[in-house]
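Asker: this one's structure only:
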């Protein structure tokens, strides 16, 4: 169950309107793009007060979906247009949009047909419209901001187009049609991040990864690579020997060595009746030694298709999901050749939800959230589909009408969080650290677990010197709820949330608005969470722990994604100290976590012992197990001696006397603790002679 804590507040809010009705939106780090009913896209500057209009460019059709891509700095749109009294959709990309001007026509071209015999234009010189052809009307579009590649949903297939960049001083962009993948269900939406893809139907989710067996895809920059490579490879093999072997799924092969007669050969095959049909079609009269015969397979296996509607979930990585095959089609691509066996699809998640009663209950808001370790990630050579660069963390979010689901699809595929909303929703966006959902109650803001899932891939988590909250074991929190009415579209940039609203009951034009909400500053968010946490410290300990962990994760993410300032590092260490204090002095299920959190806090041993003694955690009921875990490690596993002042050293002996008396002799005689008085140690030893265990027996210590 999601916990509700009101501690998130946006820093600022800008509201403006458009002369024409807004239809869809997307954003970069600096600009917001709003498609209007006038068949235009307006670009506004979010970083300036009032969000002034930067430029406007025309679209060919009415925009139904809009995407911005950082690599290539282009805007991709799914557009509809009426042709012969029928609505048809198209996919178009708008390059050099900032160079557009009212009344200025852009250069229009078709993707994949402009790489040769064309005059290259200087980068950013001319506004261009690139139409991406598909075999049917597309119904979804999504761009990978890291690679510039585009995934287009067409009926039951997702079509992948690769962004190609040519030239140095002069740069020319185009899109090459790579592959089509038949999903086996009608695609409502798709998402792409490098070589990871996800597609949804009304009630099915399929997340998978694309890899390549060979290195032929590295030749994407070489236009002279032809499909004849495969034939050249076969010819070369044939020239080296009298026989050669070709791997192909549509053939079976075997060799005949020293076959003298048909009867003797058939006798050798009597034990394998499956080859009888093949043998009847083979002429064996003139077979000579060391010949290989290749024959078409008798019958293609009929593929099993799962027609059930019962809910199910399959977690990978696995090659195939029984009853839900993925079919690859290479559309005559010169760079990939025609060998489908070189493409490997690995399913990470397949899930079938309960069948929706109507279209309103269909899955929606499919999105990836990635974490990369490189600061200049856009300068990397991603290779084909980004297969050369692996993220350190990748999560996929999908939502039903009532619940959101966040999957870790990187190293450990699992469902790490569910989000039961306060009311039905049809719209959600995922940010780096938060998930924003629109319901009838307004805008709900939840904590995300994406970065928490990536931490074990970035750092060594040994629960001694380093640890972090486990995302799958920690319930997400609802940390913000703001009233909004009529929100029908949302977009998320690094620091802003964009929302389009329209009053459905209003009859006049101008009843719409565009909201730009700036994310809370990390220092303000941290302060609000910690202040709220201290209110729960004594009256609601579980809530106190949850809020401490939320503040810890927010700071940890901010330090990873930006330059860690001294004040941020100090706040982070403070959360570690507070978490260490919690696990040291409570009856938590994980008292051993006091050790790593104290080590991460860089807090002195003497300060920890003094603080815990003041809180009177020395109890026989075992509530100081966490502190003992920390002390045992510090006193027995350190390289050098642990020298403390006499009062502090004697406090430690007193803690062991009260909480773990059977360990006291080892602390005095074997640990590296120094500084206590011998008289005090002997006094405690004498007390042990009369101290009884819970079963009534005496503690017996031969050492005393």
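Answerer: That came through fine. For clarity, every value in this text was computed on a predicted model and none was experimentally measured.

Asker: what's the helix or strand for the residue found closest to residue 551 once you drop the neighbours it is linked to in the chain?
Answerer: Take residue 551 and drop its neighbours on the chain: the residue closest to it by Cβ to Cβ, 6 or more residues apart in numbering is residue 529, 4.3 Å away. Glycine gets a C-beta too; all of them are placed from N, C-alpha and C. Residue 529 is located in helix 522-536, with elements delineated by DSSP states H and E.

Asker: which is the next helix or strand following that helix?
Answerer: Using DSSP H and E, the next helix or strand after helix 522-536 towards the C-terminus is helix 541-561.

Asker: pLDDT on that following helix, on average?
Answerer: The predicted model assigns helix 541-561 a mean pLDDT of 94.

Asker: circling back to that earlier point, same question for the helix holding residue 529, mean pLDDT?
Answerer: Average pLDDT, helix 522-536: 95.

Asker: What of stretch 86-96?
Answerer: Confidence over stretch 86-96 (mean pLDDT, whole number) is 92.

Asker: residues of that stretch that come out buried?
Answerer: Taking 16 or more other Cβ atoms under 10 Å as the basis for neighbour counts, the residues of stretch 86-96 that come out buried are 89, 90, 91, 92, 93, 94, 95, 96.

Asker: mind pulling up the phi and psi values for the nearest residue to residue 148 once chain neighbours are set aside?
Answerer: With sequence-adjacent residues excluded and distances taken as Cβ to Cβ, 6+ apart, residue 148 is closest to residue 163, at 3.1 Å. Backbone geometry at residue 163, expressed as degrees, to the nearest 10, gives phi -80, psi 120.

Asker: can I assume residue 163 is in contact with residue 73?
Answerer: No - applying Cβ atoms under 8 Å as the test, residue 163 and residue 73 come out as separate, 11.1 Å apart.

Asker: Same drill for the two, tell me which one is more crowded.
Answerer: When residue 163 and residue 73 are compared on other Cβ atoms under 10 Å, the one with more neighbours turns out to be residue 163, at 21 against 16.

Asker: what's the pLDDT at that one?
Answerer: At residue 163, pLDDT is 91.

Asker: and it, bridged to which residues?
Answerer: Each beta-bridge partner of residue 163 is listed here: residue 175, as defined by DSSP bridges.

Asker: how about it, what does it touch?
Answerer: Shown in contact with residue 163 (Cβ atoms under 8 Å, 6 or more residues apart in numbering): 69, 71, 72, 147, 148, 149, 150, 173, 174, 175.

Asker: What sits closest to the first one if chain neighbours are left out?
Answerer: What it means is residue 69. With Cβ to Cβ, 6+ apart as the measure, residue 143 is the residue that lies nearest to residue 69, at 4.1 Å, once sequence neighbours are left out.

Asker: neighbours of that neighbour, just the number please.
Answerer: Under the neighbour criterion other Cβ under 10 Å, residue 143 is assigned a count of 26.

Asker: same deal with residue 172?
Answerer: By the criterion of other Cβ under 10 Å, residue 172 has 18 neighbours.

Asker: Residue 109 too?
Answerer: 15.

Asker: The residue nearest to residue 69 is in contact with residue 67, isn't it?
Answerer: Yes - if you go by Cβ under 8 Å, residue 143 and residue 67 touch, sitting 4.5 Å apart.

Asker: what residues are shared contacts of those two?
Answerer: In the contact map built from Cβ under 8 Å, 6+ apart, the residues linked to both residue 143 and residue 67 are residue 76.

Asker: Now do residue 181 against residue 163, distance only.
Answerer: For residue 181, the distance to residue 163 under the criterion Cβ to Cβ, to the nearest Å works out to 18 Å.

Asker: still on that earlier bit, what's the residue nearest to residue 69 in contact with, if anything?
Answerer: Taking Cβ under 8 Å, 6+ apart as the test, what residue 143 contacts is 67, 68, 69, 76, 149, 150, 151, 192.

Asker: can you do 6 Å?
Answerer: Applying Cβ atoms under 6 Å, 6 or more residues apart in numbering, we find residue 143 in contact with 67, 69, 76, 150.

Asker: What lies in contact with the helix or strand that residue 76 is a member of?
Answerer: Residue 76 is part of strand 74-83, with elements assigned from DSSP H and E. Applying Cβ under 6 Å, 6+ apart, the set of residues contacting strand 74-83 from outside is 33, 61-68, 87-95, 97, 141, 143.

Asker: go on, stretch 25-44?
Answerer: Residues outside stretch 25-44 that contact it (Cβ under 6 Å, 6+ apart) are 18, 20-24, 46-47, 51, 53-59, 63, 66-68, 75, 489, 491, 493-494, 498, 500.

Asker: Of those, which belong to strands?
Answerer: 22-24, 53-58, 63, 66-68, 75, 489, 491, 498, 500 (DSSP state E).

Asker: nearest spatial neighbour of residue 199, skipping sequence neighbours?
Answerer: residue 190 (4.7 Å).

Asker: Perfect, that will be all.
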